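# What would the 3D arrangement of this be:
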Amino acid sequence: MRRREFLALTGFTAIRPKQNGSTVNEGKFEEIARLIQAKMREYHVPAVGFGVVKDGNILMRGFGVTNVGDPLPVTAETVFTIASISKTFTATAIMRLVEQGKVELKAPVRHYLPDFKVQDEAASRDVTILNLLTHTPGWEGQLSSEDRGVDTLNYFVVGLRDLPQLATPGSVWSYNNAGFALAGRVIEIVTGQGIHDAFRELVFLPLGLTKTFTRLTDVATQRFTLGHRQQAETTQVIRPIQSTSSTPAGGVSTSVTDLLSYAKLHLGDGTASNGKPFLTKANLRLMQTPQLRKNSTDDEMGVGWQLRNINGVRTAAHGGTLNGHCLLLQLVPDRNLAFVILTNHSDGWRLVQDVERDILKTYEGLSLKPNQAIGHRGVNEAMIGHSTPLATQPNLEPYLGTYRRPPSGTVEVRVQNGRLTVSGGQNATTLVFYGPDIAYATAGAYTGSPYEFVRTPDGKVGWIRINGRIAKKEL
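So this is what the prediction gives:
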């Protein structure tokens with residue numbers, strides 16, 4: 001479909017706000033809605049699901065069409081894959097099991113899976129449930145799993161036996177899908193249920209989430225979005241649908257309505273919308289409490305939530321990227337605010353970033369500090385707009401070398417024309433430093449994307465982190 005045809009089909013549907021006794025600021029919402037429409041045109045995004053919870057009141061709306069080949073209007077009930085936002089559901093399910101006395105966060109994984117093993121015996125013995133939920137098990141996380149039905153997670157965990165360590169558990173933050181798949185297997189073992197049924201019993205049913213699913217066969221019974229990508233002036237549907245067999249890491253699909261209800265629960269005191277207790281307030285707040293700092297950045301990690309302080313106000317968020325969908329769920333607990341931005345285009349992360357920053361500024365007067373070192377949160381972000389390169393770039397020698405992340409590949413860091421370059425294939429990316437050990441790309445499709453170098457306890461550069469994932473420097 002050509003861009004002009006897509007624009008002609010793009011329509012908007014409104015959902016009336018749910019009033020809870022206080023005035024909803026519709027003016028701010030409409031201001032953001034206009035921005036969304038403009039960014040949809042700029043980035044060729046066919047659909048956006050958007051909603052805000054502020055002081056208990058909800059405003060939500062769908063924009064655009066489910067897909068450009070067979071377009072249906074998007075509403076707040078339309079189902080989107082939410083990709084890695086699913087990880088917060090996994091952490092929430094684990095916290096329910098913690099309250100039931102079936103799981104301890106600081107217990108070793110082997111307490112629940114006695115045969116668990118990776119290549120390093122000490123890591124096999126020591127890695128904890130908390131390490132899994134904070135992206136710190138220390139091994140490569142971008143591992144695919146074969147769909148084996150009810151045995152998928154079991155086979156995946158067995159397949160980790162030869163996986164080498166990149167860092168000791170708990171020492172270096174590195175975005176890790178594999179760790180969440182392992183956490184999902186723990187859920188299966190302690191509940192005696194497959195992950196689909198366990199999610200349904202632990203989270204979906206108690207919260208009344210009627211448009212939330214983990215099986216594509218259930219999603220297909222709903223109005224749902226397809227992912228898209230751009231080819232010059234043409235917006236194309238991505239075919240075939242690329243689902244994930246790792247439900248705990250990225251397999252949940254849901255609507256704006258359900259996701260806002262879920263967000264409202266995490267802002268509250270742990271009581272579900274039906275008045276029944278779901279989690280204690282203390283455990284909800286524990287999930288939003290820093291467990292560690294993401295080395296070399298200003299961001300922190302909670303239990304399942306990615307944490308960032310903006311003007312001294314903590315935010316808890318998680319993004320997602322899968323099959324041409326880019327999405328974000330964000331909480332600002334101290335301001336009683338939450339919002340969701342769901343898109344169905346591979347460039348939707350650009351819209352997500354622009355809209356997120358505008359929401360924070362419009363609703364709460366919050367904005368990133370100049371050169372604030374942001375960390376990966378499950379969705380791409382660019383440093384452009386609030387970062388300025390250092391006037392004097394650091395000595396590049398300590399950063400040079402070969403970095404490995406088995407089994408995913410090798411990263412080479414070299415100097416070319418006096419600039420630091422990073423290559424993991426045929427194309428090299430040039431970096432510029434904007435702070436100590438933190439840099440961003442200066443060209444290419446992901447211009448502005450952050451890169452971090454992480455040091456060992458003795459001060460030497462030990463890792464490079466790209467898109468949230470570490471590679472270990474060869475000594």
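
# Show me the shaky parts of this structure.
For the chain, the stretches with pLDDT under 70 are 1-24, 425-426.

# farthest residue from the center of it?
Farthest-out residue of the chain from its mean C-alpha position, per Cα atoms, centre = their mean: Asn417, at 35.4 Å.

# any idea how far His325 is from it?
Counting by Cβ to Cβ, to the nearest Å, the gap from Asn417 to His325 is 38 Å. All C-beta spots, glycine's among them, are computed from the backbone N, C-alpha and C.

# now Gly179
Distance of Gly179 to His325, computed by Cβ to Cβ: 22 Å.

# swap in Gln230?
Note on Gln230: its distance to His325, by Cβ to Cβ, is 14 Å.

# More neighbours: which of the two?
The neighbour comparison of Gln230 against His325 (other Cβ atoms under 10 Å) goes to His325, with 27 against 16.

# pretty sure that one is touching Ser84, no?
No: the criterion here is Cβ atoms under 8 Å, and His325 misses it with Ser84 at 10.4 Å.

# ok, and Thr388, which helix or strand is that part of?
Under DSSP states H and E, no helix or strand contains Thr388.

# domain assignment for this structure?
Domains of the chain are assigned by automatic domain parsing as 3-86+198-364, 104-190, 397-473.

# chain center to the shortest one: distance?
What that stands for is domain 397-473. From the chain centre to the centre of domain 397-473 is a distance of 21 Å (Cα atoms, centre = their mean, to the nearest Å).

# correct me, but Pro333 touches Ala316?
Yes: with contact defined as Cβ under 8 Å, Pro333 counts as touching Ala316 (6.7 Å).

# Who has more neighbours out of these two?
Ala316 (26 against 17).

# Next, count neighbours for the nearest residue to that one once chain neighbours are set aside.
Sequence neighbours aside, Trp305 is the residue nearest to Ala316 in space, at 4.0 Å (criterion: Cβ to Cβ, 6 or more residues apart in numbering). Trp305 has 29 neighbours, counted by other Cβ under 10 Å.

# Ile464 versus Trp305, what's the distance?
Counting by Cβ to Cβ - Trp305 and Ile464 are separated by 25 Å.

# Enumerate every residue touching Glu381.
349, 353, 374, 449-450 (Cβ atoms under 8 Å, 6 or more residues apart in numbering).

# Helix or strand: which one has it?
Using DSSP H and E, Glu381 sits in no helix or strand.

# any idea how far it is from Asn344?
According to Cβ to Cβ, Glu381 and Asn344 sit 19 Å apart.

# Could you do Arg455 as well?
Distance of Arg455 to Asn344, computed by Cβ to Cβ: 39 Å.

# Among those two, which residue is more densely surrounded?
Taking neighbours as other Cβ under 10 Å, Arg455 and Asn344 compare with Asn344 leading, 31 against 16.

# Surely that one touches Val45?
Yes: between Asn344 and Val45 there is a contact under Cβ under 8 Å: 7.1 Å.

# shared neighbours of those two, anything?
The contact sets of Asn344 and Val45 overlap at His228 (Cβ under 8 Å, 6+ apart).

# so where do the strands sit in the stretch 151-300 of the chain?
Ranges of strands in the stretch 151-300 of the chain, per DSSP state E, counting those that start in this stretch, are 228-231, 234-237, 253-255, 292-293, 300-301.

# tally of neighbours for Ala178?
For Ala178, the neighbour count with other Cβ under 10 Å is 24.

# just Ala232 next, same as before
7.

# ok, it to Arg350 distance?
From Ala232 across to Arg350, the span is 17 Å (Cβ to Cβ).

# One more: Gln372?
19 Å.

# same deal with Leu166?
Separation of Leu166 from Arg350 (Cβ to Cβ): 30 Å.

# Looking at those two, which has the bigger crowd around it?
For Leu166 and Arg350, the more surrounded residue by other Cβ under 10 Å is Leu166, and the numbers stand at 23 against 19.

# who touches the more buried one in this structure?
The neighbours of Leu166, taking Cβ under 8 Å, 6+ apart as the test, are 138-140, 172, 174, 405, 463, 470-472.

# what's the single longest strand in this structure?
strand 313-322 (DSSP state E).

# Report all helices and strands that that strand contacts.
Contacts defined by 3 or more Cβ pairs under 8 Å, 6 or more residues apart in numbering; DSSP states H and E place strand 313-322 against helix 86-99, strand 306-310, strand 325-332, helix 348-364.

# okay, the ones you listed, which one's buried deepest?
Using mean count of other Cβ atoms under 10 Å, the stretch among the helices and strands packed on strand 313-322 with the greatest mean number of neighbours is strand 325-332 (a mean of 26).

# quick check: angle from that one to strand 313-322?
160 degrees (axes from the mean of the first three to the mean of the last three Cα atoms, to 10 degrees).

# partners of strand 325-332, with directions?
Paired strands of strand 325-332, with direction, are strand 313-322 (antiparallel), strand 337-343 (antiparallel) (DSSP bridges).

# For Thr212, give me its contacts.
Here Thr212 is in contact with 204, 252-255, 258, 262 (Cβ under 8 Å, 6+ apart).

# for Val303, that is, sorry about that
91, 94-95, 105, 130, 133-134, 286-287, 289, 291.
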